[in-house]
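Participant: please find the sequence and the predicted model below.
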Amino acid sequence: MDLSAALWRKSSRSGDNGGHCVEVASNLADAIAVRDSKRPDRPAVIFSYGEWHMFVDNLKTGHITL
């Protein structure tokens, strides 16, 4: 998937101390992309909109913990 037009934003849960930082691009036509802000050269994880919403819902309800 071409991510050259992706507008990355840092997760509100990521701190400013150089630790674990997640960036999300939600401006793509048919997917949500997630990457490690410390390693933007590495491949991103790509979710369909349905997969992303299921993932977030499961985090919110405690079915997935990080």
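Facilitator: All right, it came through fine. Residues are numbered from 1 along each chain as shown.

Participant: what residues are up against residue 25?
Facilitator: The contact partners of residue 25, by C-beta atoms under 8 Å, 6 or more residues apart in numbering, come to 3, 6, 7, 8, 9, 32, 33, 34, 35, 44. C-beta here means a position set from N, CA and C on the backbone, and glycine is covered the same way.

Participant: could you list the low-pLDDT ranges of this structure?
Facilitator: Residues of the chain that meet the criterion pLDDT under 70 lie in 13-20, 66.

Participant: let's see which of the contacts of residue 25 end up in strands.
Facilitator: Applying DSSP state E to the contacts of residue 25, the entries found in strands are 8, 9, 32, 33, 34, 35.

Participant: so which residue is dead centre in the protein?
Facilitator: The chain has residue 34 as the residue nearest its centroid, 2.7 Å off, counting by C-alpha atoms, centre = their mean.

Participant: wait, that one touches residue 24, no?
Facilitator: Yes: distance between residue 34 and residue 24: 5.4 Å, which falls inside the contact criterion (C-beta atoms under 8 Å).
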